Each structure stands twice: as structure tokens, then as C-alpha cells.
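# structure of the sequence below:
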Amino acid sequence: MSTVSLTGTASLTRLALRRDRLMLPVWALVTGGMVASGAGSLEGLYGTAAQRAELAASMNANSSMRSLYGPVFDDSLGGLVAWRFGTFAAVLAAVMSLVIVVRHTREEEETGRQEMLSAGAVGRRAPLTAALLAALTANTAVALVVTAGLAGQDAAGALALGLAIGGTGMVFASMAAIVAQLTESARLAKGLTAGLLGLAFVLRAAGDAGTADGGSVLTWLSPVGWAENVRAFAGERWWVLLLLAAATGLQTAVAYVLTARRDVGMSFLPTRPGPAFGGLATAGALAWRLQRGTLLGWSLGFLLGGLVFGGMVEGAADIVGDNEQARQIFERMGGQSALTDAFLATMVGLFGMVAALFAVGSVLRLHGEETSQRAEPLLAAPVGRLRWAAGHLVVAFAGSALIMLLSGAGLALSYGRETGAVLGASLAQLPAVWTIAGLAVLLWGAFPKAAPAAWGVAGVCLALGWIGPALDLPQAVLDLSPFGHLPKLPGQEMAWAPVLALTALAAALTAAGLAGLRRRDMVS
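Numbering: from 1, shown residues only. Sure thing, here's the model as predicted:
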């Protein structure tokens, strides 16, 4: 590879790190800190060797739990941390990495900024190299936080876990680099890479459900399964890290070959033109056309997720055995009720928090249309700002209701009982989902430069709801999320006051955002 093609890499790398100077440290600290702080919470739950051994045995005997977290390879405190948090930390590192790479490659080309930069002394492969270096910096930070936080348990195990998590992130960073060459849209590039990540997680889950030693062929077909099979704190398999490094190197080489064979802004899979006489007579029809594929993908994912988690409900009582503290975690997440209902409420709440990500992404499609200057020609026609925005907001709010309904249907079908209660519990999450969506509308409408911060809000709510109870965070901290105020259904009595209050708050935030949109200039 010619050094000329890398001209400007250092400057572009500094630019990428400067643009992500807030996102990268926060993401690294949250992901790494989640793993590092897990040792303290698990020590409080399972303080003796006998308790840890009993937990490991019960988890390895439960195929549903193996599919969710993977097998327990060692019953030491470090081994339990790797089991409980390792897989999800690897997934978070992968999501962080694909966002970074697509943001600094395809998104730059889509907005036209890369063409302007390429007019200077910038080599053809420099932008891709800078994006990968930014991802490498972020994953290195995650690995260092994990290693430093768990070094007290066992230095070798901590290093192995940190490298496994960071290595998984780099595999998907290089995978995103390939996808970014194939597609014309940054949104599609992120969606396709996220879909490949979901497939990797499903392969790992299916493999671990069948075997308790991580040796399934399906597990070894998944990069997430490779991270698991590093076996941190359980007689580390250092050679598995070579698989992560080899996959990263091979995919990076493919991405370099592809980027050298296309023009800036072009792709190997161009977007298909629409029909000559499509049904795009209204702004709402255009919004539906732009977002229907995303909604379909989320709908299928939520339905399948509901079916999978519904099959775990019968084994909920076996998850914690006689451990009262573990039972309290599920009750904090799912309410003070029977353990089966608490497990159902926990799963419903998890779907709600993930649905908030869909709602935020759907709302911020407006921000993307505006910053890419596709909104201006539309608004130059007899289309008002509110009518233009309304089409996308209908998809965001009604679409989140649809995917929650489908997740509830999947849970109920797989569980085979309490159909009405489970569907009602799923829909009861919507006021919190809509509140976060309303905040996204407010940020975009009144403070457009701060609009991406809505992702951070949704991410914090997800972390508080899913990890907070396991870390034994104070209830006052958990209540910072709107999901903390909802009734824990099924199992508890329906409480209409917080549901109505959050619905009213969502409406007020949305109205304030639309009012701000009417008063400000459009972003160019």
C-alpha cells in the first residue's frame, strides 16, 4: 500500500477524536466501568465460595440462562464477572465501534464533507484509516478500564477480559468499514452492521443453549462467542485473541481494497430508484417510505425477542435458586411480586428501554434530513414545517407502540399464559418511551446542535434499568429514568397516576420542540 494513499491520516485522526471527545470517554467509562464495578455487586450477592459454586452449577444447568449470558467457566469472583458482564460489554463495544467507523467514513461522504476534505492533501485511504484508528483508541480505552478495574481479582484474567471486549469491538469496526464501502447511506450501513452483530449474538446464544462448555460450532461461528471462549479468569485461552486479531486484519484489508476501487460518495450497492409514480403525494407518505424498512426490522426483532424470552419464563425460579439477594435484583427490576411475574416484568421493561432507542432514532431522522439539506427543497414547496415533522413523529410514536405490542405478543405466545396481562404490561411502557422521544423532539426542535444528546439520554436510561439493580444503585438514582416510575406489570396493581403524568410530559415536550422548530432557522 502506497504511503501517498495515507497522506493526511494523522490530521483526520485528530479531527475524529476531537469530534468524539465527549462520546468516546463516556462510552469507554460506562462500558468498562460496568464490568469493573460488577465485582463488588457480585461479591455482595455471592460472598462465599459455596454460594458461587451453587450459582455456577445452576446457571450451567439452565439452557435459557446460558443462551442469555453464556456458560460459567469458573466460579471465582472474576469468573462470575466475565460470565455476567462480558458478553454484553462486548456487544456494547461492537456498537460503539460501528458507530464510530460509519460516522467518520460513509456519513462524511453522505454529507459532502469528505469531498471537500479530499480536495486537499488527503490520501484515498486516509479517511478509513483515521476512522479505524479512532475506533482502536476507543476500544483500547475500554480494555484499559476493564483491566485496571479487575486487576485486583487476577491480573491475567483482567487483561484477557479487557482484550476480548476490545478485540470484539475492533472486529465489528472493520466489519463496518466494509459495509460502509457497499452502501450509499450511513443509516443503512449502521443498520446492516448492527444486523450482523445481532446475528452474531443469536449464533452465540443458540450454541450456548445447546452446550455448557462453549464448544458448539454455532458459538465458534460468532465473534461474540470468540470473546466468551477467551475464558478470562478460567485458564485463559490467549490464542483465541488471535482469531479476533486475524478477523480484524482480514476485514480491514478487504475494506482497503474496496475503498481504492470506488469514487468518493459512490458505493458498490447503489440505492435503487423508486417507482416512477410512487405514493409520495404527502409529507407523511414520504416519511413512511423513508422509515418503513427500519420499522420492519425492529418489528421482526422485537417479535423474535419476545418469543425467545418467553421461553425462559418457566425456568425463572431456577435462575436464583434459594439466593435471596439475587431474588431481590429481579424484584427491583420487576417489582415485589412472584418471581415469574417479576421476570416477565423485567423482560417487558427491557423491551421498553430498547424501544426508546428506536423512538429516538426515528425522531432524529428529521435531524438527518435537515442537516443533509434534503428538507429544504421539500419545505420550499407548499409543505409546512409542522406537517413535514408530523409524518416522522407518527412513525416514531405509533411505531414504538407497534414494536412493544409485537414484543408482548411474542412473550405471550411463547409463555402460553397471561396473554392479556403481558400485552397490557408491554403497552404500559409506552409513556416512558414517548417521554424520551418527546425529549428528542425538544432537543431537535429547540436546540438542534444538541439533538444527538438524545442518544445519550436513552443509553443512560437503558443502563440504569438493566445494570442499575444489579449494581444495587439507590432508588433515587434509578428514578432518574422515566421507566423507574412505571408500575411493574404484570404482578403489581396498575397505577394510572405516573402513566398519565408521563404521557402528559411526553406531549408537553413534543409540543415545546415543535414550537421551537417554528421559531428557529433551518440548519444548513
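
# could you check how many residues crowd around residue 247?
19 (other Cβ atoms under 10 Å). Where C-beta positions appear, they are placed from N, C-alpha and C, glycine not excepted.

# list the contacts for it?
171, 174, 223 (Cβ atoms under 8 Å, 6 or more residues apart in numbering).

# what residues sit buried inside the helix or strand where it lies?
Applying DSSP states H and E as the criterion places residue 247 in helix 240-259. By neighbour count on 16 or more other Cβ atoms under 10 Å, the buried set for helix 240-259 is 240-241, 243-244, 247-248, 251-252, 255-256, 258-259.

# any idea which residue of this structure is furthest from its center?
Going by Cα atoms, centre = their mean, the residue of the chain most distant from its centre is residue 382, 38.0 Å out.

# where does that residue land in three-state SS?
coil (DSSP: H, G, I helix; E, B strand; the rest coil).

# phi, psi for it please.
Per-residue torsions, residue 382: phi -70, psi 60 (degrees, to the nearest 10).

# one more: residue 233?
The phi/psi pair for residue 233 (degrees, to the nearest 10) is phi 70, psi 10.

# can you tell me which residues contact it?
Residue 233 makes contact with 73-74, 76, 78-79, 81-82, 153-154, 157, 160-161 under the criterion Cβ under 8 Å, 6+ apart.

# please report how far it lies from residue 63.
In this view, residue 233 and residue 63 are 23 Å apart by Cβ to Cβ, to the nearest Å.

# just residue 514 next, same as before
Applying Cβ to Cβ, the value for residue 514 to residue 63 is 49 Å.

# look at those two and report which has more neighbours.
residue 514 (19 against 16).

# quick check: phi and psi on that one?
phi -70, psi -30.

# pick out whichever of the contacts of residue 233 sits closest to residue 40.
Taking Cβ to Cβ as the measure, residue 81 is the one of the contacts of residue 233 closest to residue 40, at 9.7 Å.

# am I right that the closest one is in contact with residue 37?
No: here residue 81 does not reach residue 37: they are 9.4 Å apart, not a contact under Cβ atoms under 8 Å.

# between the two, which has more neighbouring residues?
A count of neighbours by other Cβ under 10 Å puts residue 81 above the other of residue 81 and residue 37, at 29 against 19.

# what's the more buried one sitting at in phi/psi?
Dihedral angles of residue 81 (phi, psi; degrees, to the nearest 10) stand at phi -60, psi -40.

# and it, how far is that from residue 73?
12 Å.

# still on that earlier bit, dump the contacts of residue 233 to CSV, plus distance to residue 288, pLDDT and secondary structure.
Rendered in CSV, the data for the contacts of residue 233 read as follows (distance: Cβ to Cβ, whole Å; pLDDT from 0 to 100; DSSP: H, G, I helix; E, B strand; the rest coil):
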residue, distance to residue 288, pLDDT, secondary structure
73, 48, 90, coil
74, 51, 87, coil
76, 53, 89, coil
78, 50, 88, helix
79, 49, 89, helix
81, 45, 88, helix
82, 44, 90, helix
153, 52, 87, coil
154, 54, 88, coil
157, 50, 92, helix
160, 48, 95, helix
161, 44, 94, helix
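
# find the nearest non-adjacent residue to residue 350, please.
Sequence neighbours aside, residue 466 is the residue nearest to residue 350 in space, at 6.2 Å (criterion: Cβ to Cβ, 6 or more residues apart in numbering).
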